[in-house]
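>>> Provided below are the primary sequence and the corresponding predicted coordinates.
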Amino acid sequence: MRLLFSICSLLFLGVGFDLQADVPLRPPTETVASAADSVLTVYPAQEKQIIKGLGFEIQCDSIGSGNHGLPEEPLGVPHDLVPSERQRLANEMLKGFRYCRLAGGLYWRGLDSEKKYLQPRWPEQLAELRDLLNAAGVEGVSFEYWSPAPFWKSNQSYTGLRPNDPRNRLRCFAPGFADDPVYHGNTNRFLSDFAQAVVADIQTLKSAGIKTKMFGLQNEPDVNHVIYSTCEYPDSSSYVRAYATVAAAVRLLDTNILLFADTENYFPKKIGPMMGRPEIAALVDAYAVHIVGSSSDTPRKVHADITAKLPPRPWFQNEYEYLTGGATPDRCLNTVQHIMNSFQLAENPTWFWIHALKPVGNAEASGYSLGFWKSRLDTNQPPSAEPFRRWPSGPEFTQLPESLKKLEMVSAKLPAEGRPAIAYNFLLNQPVTVFLLADSRTANNLPAVWEKTEMTAAWPGGTDIIYQRKFSAGKIEIPAPGGGAVAHSVFVEPTDAATFKPEIGMNLPIQIRSQALALEQIARAVEPGHWIFNNYNWHAVGSFARHLPWNSVAVAAEEKVYQANARVLAFRRPDGKLTIAVSNRNPSEHGFHIDTGLTNAMFQGFRYTPDEAGQNCAGVEIGRLSGGTISPKLAGLSWEFWEQQ
């Protein structure tokens, strides 16, 4: 059964505010709407870069809610969808995308008996992915490791075994390599063998019918933690030494695979210092960086930095999402303009959104996904968040002050057996008073800034002492309890309930009760093995998947005055016809006066808003404009494509 269900009407999708890793989406210069119309001149004959097409990432295996843990259950797409929904995913969402980002060691993490090579974690895993990509017409994968197979790592694990694990690295870059029982300190032999294992992984994909079109050595090589697959490269020299050996082997395998480095934040810090060495530069076809959830103005700033400091190469970002909070109308327009500026101002050849689909119950799903799916394995539904529970899916309170029941609740999930309860954080857009429930066994361990109240709470197996503390807007830090106590739960009293907007912090297994209730509402409306769109993200990205064909060519566009909330993207489609995309992130109407560079041309318009994208995300037809100058007027929070006929 096809389910036509929009999540944008649900309350939890309005709980985000413009805070992404403590960086506002709108710089100060963007916050005031411009009164002046935009005046633009397009030069169709002045070609810029080829826009190869868009990319997406696929969660083809499981990850825990809040990005915590690697569950054994095969919770991935397309495996977890019924056959008809796999086909619908290919036809209704993925058609138009060129690349699929494949996370080696994370979403493709099955192993051979020696743990040297990646394999399907269930027999059909790669065949299912191949069939989905073929049905959608996706050209191939951008294959990149979150972690190589455990044999190649000092800790023999996909993840760190403790925070900042010094052995969560390739064996040759970890302490004690001189005593390695296999390689005895011989780094060159190790890297040569490792490179051949990478080649074998790419050949495994090829044997399954999956083309590798791009390759990256390591996602975020500066990251090292215990919650999902990572592999730290401690410095530039270690990364480059490994990259040079592996990239050379991949190039020998297939000269058509684009080699990129190195996906650090805002600048390629690992590969950059070594780009003056010709033998290294020859193996770098493109730079890739992460500017996750950043302001739409960021691509031009990153472009200026890379262009000024590094040898010329195309660059692109290959992971865009919102790490904290959910999809919102303003974020929708920010994503639209991020894509436009990436192609028009930063001259990127491609642009990647992170996840096609995320599990409907995952805390990070709204900010990460183009859609949600409900697992066929969800036969035993977790306990509802409607009753107040001490922790998610945990026991109900037997005693809880009535005053707290009127407030928002934030609580942390139980850790894996044997692990201590966590500290956590969340984000708020206004000053608040936080009431903290501390397990009475360790309540006195709280910092002195927390003020003890007369209130208490109780639940089967324990009691809580309740403390309070005032916080300013921003990040709210909740400490770990220590000992064998369960994590603290909190209730939040806002200063203005009408505008109160909490957001989950990055990569944390915590639950905001109102959002959990909204997710339950979605889950009830979705059948197991089915999926729905996440409209605010999908409309932004899907509009370009529909109107930006592969191998279009960006053309020059000159703005009389740069306006950060009113953007333009001009390109020629492969048939030679011109498309001009314009956006208005202002709250009120904004006009454009565009010299198209063509005489007597006819343009058909297609309009989008965060809530309306027409049938099959093709846009709403809004008539035609003709002549050498066209002057569309855009409503607030909207964007349009004007296509030469």
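Sure, I can see it. Source: prediction; values computed, not measured.
>>> what helix or strand is Gly371 on?
strand 369-373 (DSSP states H and E).
>>> chain center to that strand, what's the gap?
Once both centres are worked out by CA atoms, centre = their mean, to the nearest Å, strand 369-373 turns out to sit 12 Å from its chain's centre.
>>> how near is Val226 to Asn164?
9 Å (CB to CB, to the nearest Å). C-beta here means a position set from N, CA and C on the backbone, and glycine is covered the same way.
>>> I meant Gln218, not that one.
17 Å.
>>> which one's more surrounded, the two?
Gln218 (28 against 10; other CB atoms under 10 Å).
>>> who does the nearest residue to that one once chain neighbours are set aside form a beta bridge with?
The shortest distance from Gln218 to any non-neighbouring residue, by CB to CB, 6 or more residues apart in numbering, is to Tyr145 (5.4 Å). Per DSSP bridges, the residues bridged to Tyr145 are Gly104.
>>> can you tell me what sits against stretch 37-50?
When contacts are defined by CB atoms under 8 Å, 6 or more residues apart in numbering, stretch 37-50 is touched by residues 314, 343, 347-349, 551-561, 563, 566, 568, 570, 572, 578, 580, 582, 590-598.
>>> so Ala127 makes contact with Ala208?
Yes. Contact criterion CB atoms under 8 Å: Ala127 and Ala208 qualify, at 6.3 Å.
>>> give the intersection of the neighbour lists for those two.
With CB under 8 Å, 6+ apart as the test, Ala127 and Ala208 both reach Pro120.
>>> any idea which element Ala244 lies in?
Using DSSP H and E, Ala244 falls in helix 236-253.
>>> tell me how far the helix or strand following that helix lies from the chain's centre.
Using DSSP H and E, the helix or strand that follows helix 236-253 in sequence is strand 258-265. Remark: strand 258-265 is offset 16 Å from the chain centroid, using CA atoms, centre = their mean.
>>> I'd like to know which elements strand 258-265 is packed against.
strand 212-216, helix 236-253, strand 286-290 (3 or more CB pairs under 8 Å, 6 or more residues apart in numbering; DSSP states H and E).
>>> redo that, cut-off 10 Å
strand 140-145, strand 212-216, helix 236-253, strand 286-290, strand 315-317 (3 or more CB pairs under 10 Å, 6 or more residues apart in numbering; DSSP states H and E).
>>> sorry, back to before: partner strands of the strand holding Gly371, with direction?
strand 350-359 (parallel), strand 531-533 (antiparallel).
>>> could I get that strand in PDB with only the CA atoms?
Written as PDB, here are the backbone C-alpha positions of strand 369-373 (Å, rounded to 0.1, in the frame of the first residue of the first chain):
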ATOM      1  CA  SER A 369      17.000  12.000   6.000                       C
ATOM      2  CA  LEU A 370      15.100  12.600   2.800                       C
ATOM      3  CA  GLY A 371      12.500  10.100   4.200                       C
ATOM      4  CA  PHE A 372      11.700   7.600   6.900                       C
ATOM      5  CA  TRP A 373      11.100   3.900   6.900                       C
END
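>>> average model confidence for the following helix or strand past it?
Reading on from strand 369-373 to the C-terminus, the next helix or strand found by DSSP H and E is strand 408-412. Throughout strand 408-412, pLDDT has a mean value of 95.
>>> distance between strand 408-412 and the chain's centre?
24 Å.
>>> paired strands for that strand, with orientation please.
By DSSP bridges, strand 408-412 pairs with strand 489-494 (antiparallel), strand 510-512 (antiparallel).
>>> what's the first helix or strand after that strand?
Criterion used, DSSP H and E; the element after strand 408-412 is strand 424-428.
>>> strands paired with whichever helix or strand comes after that following strand, and their directions?
Using DSSP H and E, the helix or strand that follows strand 424-428 towards the C-terminus is strand 432-439. Strand 432-439 has the following sheet partners, assigned by DSSP bridges: strand 462-471 (antiparallel), strand 489-494 (antiparallel).
>>> related to what we said a few turns ago, buried sites along the strand holding Gly371?
Ser369, Leu370, Gly371, Phe372, Trp373 (16 or more other CB atoms under 10 Å).
>>> please produce TSV containing those, extended by distance to Asn188.
Listed next are those as TSV, based on distance: CB to CB, whole Å:
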residue	distance to Asn188
Ser369	43
Leu370	44
Gly371	46
Phe372	47
Trp373	45
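>>> what helices or strands is the helix holding Ala244 leaning on?
By 3+ CB pairs under 10 Å, 6+ apart, helix 236-253 packs against helix 187-207, strand 212-216, strand 258-265, helix 278-281.
>>> may I have the third one as CSV, with CA atoms only?
To tie it back to what came earlier, the one meant is strand 258-265. Extracted in CSV, the C-alpha atoms of strand 258-265 (Å, rounded to 0.1, in the frame of the first residue of the first chain):
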residue,chain,number,x,y,z
LEU,A,258,38.0,9.5,-9.0
LEU,A,259,40.3,9.7,-6.0
PHE,A,260,39.5,12.3,-3.4
ALA,A,261,40.9,13.5,0.0
ASP,A,262,40.3,14.0,2.9
THR,A,263,36.8,15.0,4.4
GLU,A,264,38.0,17.0,7.3
ASN,A,265,36.0,20.0,8.3
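>>> between that strand and strand 286-290, how many degrees?
Per axes from the mean of the first three to the mean of the last three CA atoms, to 10 degrees, the angle that strand 258-265 makes with strand 286-290 is 30 degrees.
>>> strand 258-265 pairs with which strands?
strand 212-216 (parallel), strand 286-290 (parallel).
>>> with distance to Trp152, mean neighbour count and mean pLDDT added, can I get those in JSON lines?
Shown next, in JSON lines, are the strands paired with strand 258-265 (distance: least, CB to CB, whole Å; neighbours: other CB atoms under 10 Å; pLDDT from 0 to 100):
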{"stretch": "strand 212-216", "distance to Trp152": "16", "mean neighbour count": "23", "mean pLDDT": "98"}
{"stretch": "strand 286-290", "distance to Trp152": "22", "mean neighbour count": "22", "mean pLDDT": "98"}
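>>> adding distance to Asp330, write those strands out as JSON lines.
Shown next, in JSON lines, are these (distance: least, CB to CB, whole Å):
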{"stretch": "strand 212-216", "distance to Asp330": "31"}
{"stretch": "strand 286-290", "distance to Asp330": "21"}
